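Participant: Sequence and predicted model, in that order:
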Amino acid sequence: MQIEKLTEGEEMVMKAVWDCKKEPVLSEVVERVNCVYGKNWKPQTVSTFLAKLVRKNYLKMQRDGKIYTYKILVKERMYSKEQLKRLYIFLYKNDKEAVIQDLETL
């Protein structure tokens, strides 16, 4: 499955969603992004990123009465593996030894 690349802001909001214990509502995502990542984003800003994540099929917005929750469609592990694969191909040109050497120096 090919997943679409995220911008830095989208990635931050998605990480906030992944870190929630249950399907979050907007206010929970805003609080997490602002507290954990030191942002001062308004709900409208976070809502815009959430809408983009829905369009990119990372999330599904579900309505429960007047409340909207966000269901994860792309698991964090899947995203991490895809990002690692992109770096491996782009930066390391499929050279496992170079990756291992760099990991050992961290």
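Facilitator: Ah, there it is.

Participant: contacting residues for the most centrally placed residue in the chain?
Facilitator: For the chain, the residue nearest the mean C-alpha position is Met14 (2.9 Å; C-alpha atoms, centre = their mean). By C-beta atoms under 8 Å, 6 or more residues apart in numbering, the contact list for Met14 reads Leu6, Leu53, Tyr58, Leu59, Val74, Tyr79. Yep, even glycine has a C-beta here, placed from its N, CA and C like the rest.

Participant: Next up, phi/psi of the nearest residue to the fifth one once chain neighbours are set aside, please.
Facilitator: The shortest distance from Val74 to any non-neighbouring residue, by C-beta to C-beta, 6 or more residues apart in numbering, is to Tyr58 (4.6 Å). In this entry, Tyr58 is assigned phi and psi values of phi -90, psi -30 (degrees, to the nearest 10).

Participant: Same check on Leu73?
Facilitator: Reported as degrees, to the nearest 10, the phi and psi values for Leu73 are phi -100, psi -30.

Participant: I figured it was touching Lys60, is that so?
Facilitator: Yes - contact between Leu73 and Lys60 holds when scored by C-beta atoms under 8 Å: they sit 5.6 Å apart.

Participant: now the strands for the chain?
Facilitator: In the chain, the segments counted as strands under DSSP state E are 59-64, 67-72.

Participant: The last one relative to strand 59-64, how many degrees between them?
Facilitator: Taking axes from the mean of the first three to the mean of the last three C-alpha atoms, to 10 degrees, strand 67-72 and strand 59-64 form an angle of 150 degrees between their directions.

Participant: So which elements touch strand 67-72?
Facilitator: Where contact means 3 or more C-beta pairs under 8 Å, 6 or more residues apart in numbering; DSSP states H and E, strand 67-72 is packed against helix 8-19, helix 43-55, strand 59-64.

Participant: Cheers, nothing more for now.
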